[in-house]
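Peer 1: quick one, structure for this:
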Amino acid sequence: MVNAALQPELKHTLVSKVIFFPTAKSKQLLYASVLEMSSSALEDNIEQSETPIRHGIVKFSDLYQTDFRLDAEFNIATIFGDNGLQDLENSGLENKSLYGENGFCKEAFYSPRFEKVYVENYEHGVPFLSSSEIISLRPETIRYLSRKNTSNLKKLLIQKWDVLISRSGTAGNVGLVAGNFAGKALSEDTIRLRFNDADTAGYITAFLRCRYGRPQLLQSIYGSVVNQIEPTHLEQVLIPDLPPIRRIEIGRLMCQAGELRDEANRLLDEADRLLHERLNLPYLKSIAPSCSASAIAKIKASQLMGRLEGSFHNPVAIAAEKQLAELSVEVTTVGDSRVTKEVRAITKFRQRVYVEKGIPLLNSKQLFQIDPIGLKFLAKGAHLDDLPEIALEEEMIAVTCSGTIGRVQIIPKYMEGWTSSQDAIRVISSEEMNSGYIYVWLSSDYGDCLIKRQTYGSVIVHIDREMLSSVPIPLPEASIRDEIGNLVIKANQLRNQAWCNEQDAITRLESLIANKPIAAAQDASDPNKIDLTKIQYDPNATPIWELAAQISAKVPDEEWAKVPPDLSQRFDYYQGLRDDS
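Peer 2: Numbers count the residues shown, from 1 in each chain. Here you go, the predicted model:
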């Protein structure tokens with residue numbers, strides 16, 4: 001913060017935010033958000049500077065509406081409409097606060113910091129999730145909070161249809177709690193919004209993830225080192241108060257998406273269970289020592305296999321190898337031509353040309369997110385030669401090979417044609433092999449252990465395609481592989497349907513905001529006009545759903561047969577056809 005009256009000129013400054021106070025009499029603030037600046041002058045000369053600076057004036061009276069937020073980034077977003085509020089005002093829709101006495105939500109909170117005591121398993125603890133898991137396609141539980149030694153444990157548990165917003169670190173990510181999340185504990189880095197019904201929770205989730213809602217969340221972020229959001233900031237987030245039928249329509253699509261992903265994850269868990277059962281493989285945790293502490297293994301020189309790292313010869317990997325050697329089925333490697341057609345590492349894709357709208361480029365973290373956050377887009381014309389190498393295909397398997405090693409993803413249909421960085425090796429199944437079976441094996445406790453033992457590097461660890469190709473894989477008969485793998489293929493289809501549901505909901509909402517609904521004009525002199533102020537509530541009146549059932553019973557079956565089967569999903573489309581006629 002710099003007072004221009006005290007310091008008339010800035011020289012050789014590298015800053016991210018600068019605030020100028022031109023005069024005391026004007027009662028105005030001039031904000032400038034600067035990416036990089038070597039010199040700057042006073043207000044009179046700012047417009048003549050070629051430095052990429054956006055600046056504007058905010059009255060002191062306007063600060064009352066923003067709790068005296070003085071950071072330039074916050075106010076610049078308001079001045080230039082980056083937060084989407086101007087679009088909401090132009091829509092003509094009535095807006096309502098997200099949180100507050102008159103808002104959609106009356107309860108928003110996050111748990112206080114507390115001492116965490118972890119236990120090893122579910123018998124003595126509650127699954128504990130971090131804020132990053134709220135947008136994960138398949139949330140992982142690696143820690144359990146002690147039931148006995150955690151005070152106020154019930155306050156930490158998530159309830160079904162809570163809306164979750166990450167509030168610290170990577171702030172502004174939004175998740176909707178379906179069945180699988182409910183009952184688990186959540187870190188203090190996440191705000192929980194609690195609603196009276198699931199449809200409202202789904203509607204709010206759709207808005208906060210659309211192009212009118214997410215910018216409002218991001219504008220609320222404060223903190224120069226660690227980004228933060230507080231529940232009080234949600235009072236400034238405005239959401240269109242659509243008619244109930246529209247909110248229910250949008251919210252239900254989001255809730256259905258959550259349930260579809262829950263079912264997909266259940267099928268993946270079932271496939272993993274079936275893998276161990278059909279191959280008669282015990283879970284590694286039941287036969288191998290825990291790697292939570294240092295372990296010592298003795299091996300012969302003939303067993304070194306050219307590797308001297310302790311991680312390669314860890315006792316869990318040795319136990320896994322011994323167990324595989326006892327199987328009655330053949331054990332081959334991932335690189336076997338009967339298993340894979342190609343194990344592809346990205347070696348040529350280096351120079352990148354980014355554009356605002358192009359081909360989505362996923363990093364190794366975004367591969368596992370429900371709705372990838374912070375996507376970059378490649379210029380198609382500049383990367384035509386790269387696409388055969390970097391493009392994703394449905395049922396292709398991606399294995400992270402740099403940084404975080406061994407995370408496995410099977411690509412759903414909606415990601416087909418997208419691209420991914422060199423931090424994931426692609427595994428393409430052979431014609432005779434069920435790709436779902438390869439996924440189940442590589443993501444199992446055995447596959448995970450045998451992949452991670454291959455890592456090398458002291459700071460940033462890596463594996464290469466030759467190492468992944470050498471990972472052992474059992475080769476049971478085709479019927480068993482298909483029995484296991486088809487569960488994964490079905491789960492992948494459910495994930496795609498969930499994505500389509502969410503995008504449909506978000507698109508509908510954004511269309512309603514972008515196009516102001518046209519209300520039919522009502523003539524004040526119309527003798528049939530009803531004075532709504534004179535209508536009294538009648539508790540004995542027939543419920544509207546019973547009236548609808550009575551009316552529908554009078555419609556002949558041949559007329560019902562004319563109703564399009566997708567009318568509920570495409571109501572706006574058919575309504576438009578009627579209006580055009």
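Peer 1: tell me the contacts of residue 164?
Peer 2: Contact analysis of residue 164 by CB atoms under 8 Å, 6 or more residues apart in numbering lists 131, 134, 158, 174-177, 186, 190-193. Using the backbone N, CA and C atoms, a C-beta is placed for each residue, glycine as well.
Peer 1: and these as CSV, adding pLDDT?
Peer 2: Below are the contacts of residue 164 laid out as CSV (pLDDT from 0 to 100):
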residue, pLDDT
131, 88
134, 92
158, 92
174, 94
175, 94
176, 95
177, 94
186, 90
190, 93
191, 94
192, 94
193, 95
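Peer 1: just among the residues you listed, which is most surrounded?
Peer 2: residue 176 (29 neighbours; other CB atoms under 10 Å).
Peer 1: any idea how far residue 357 is from that residue?
Peer 2: 27 Å (CB to CB, to the nearest Å).
Peer 1: try residue 162
Peer 2: Counting by CB to CB, the gap from residue 162 to residue 357 is 33 Å.
Peer 1: could you do residue 129 as well?
Peer 2: The spacing between residue 129 and residue 357, counted by CB to CB, is 34 Å.
Peer 1: what do you get for residue 307?
Peer 2: 46 Å.
Peer 1: the two: which is more packed in?
Peer 2: Neighbours per residue, other CB under 10 Å: of residue 307 and residue 357, the larger number sits with residue 307, 14 against 8.
Peer 1: doesn't residue 299 make contact with that one?
Peer 2: No - using CB atoms under 8 Å, residue 307 is not in contact with residue 299; the gap is 10.3 Å.
Peer 1: who touches both of the two?
Peer 2: Joint contacts of residue 307 and residue 299 (CB under 8 Å, 6+ apart) are residue 313.
Peer 1: pretty sure residue 486 is in a helix, no?
Peer 2: Yes - according to DSSP: H, G, I helix; E, B strand; the rest coil, residue 486 belongs to a helix.
Peer 1: where does pLDDT dip in the stretch 151-300 of the chain?
Peer 2: Under the criterion pLDDT under 70, the flagged ranges of the stretch 151-300 of the chain are 289-295.
Peer 1: name the helices or strands packed onto the helix or strand harbouring residue 331?
Peer 2: Residue 331 belongs to strand 330-333 when assigned by DSSP states H and E. In terms of contacts (3 or more CB pairs under 8 Å, 6 or more residues apart in numbering; DSSP states H and E), strand 330-333 is packed against strand 472-475.
Peer 1: what residues of the strand it packs on count as buried?
Peer 2: 472-475 (16 or more other CB atoms under 10 Å).
Peer 1: could you do stretch 299-317 as well?
Peer 2: Within stretch 299-317, the residues that count as buried by 16+ other CB under 10 Å are 312-314, 316-317.
Peer 1: same check on stretch 149-168?
Peer 2: Here stretch 149-168 shows 150, 153, 156-158, 160-168 as buried, counting by 16+ other CB under 10 Å.
Peer 1: again with stretch 417-430
Peer 2: Using 16+ other CB under 10 Å as the test for burial, stretch 417-430 gives 418-429.
Peer 1: can you redo the residues you listed as TSV with distance to residue 367, pLDDT and secondary structure?
Peer 2: Converted to TSV, the buried residues of stretch 417-430 look like this (distance: CB to CB, whole Å; pLDDT from 0 to 100; DSSP: H, G, I helix; E, B strand; the rest coil):
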residue	distance to residue 367	pLDDT	secondary structure
418	10	96	coil
419	11	96	strand
420	6	94	strand
421	9	92	coil
422	13	92	coil
423	9	93	coil
424	6	95	strand
425	12	96	strand
426	11	97	strand
427	13	97	strand
428	16	97	strand
429	18	97	strand
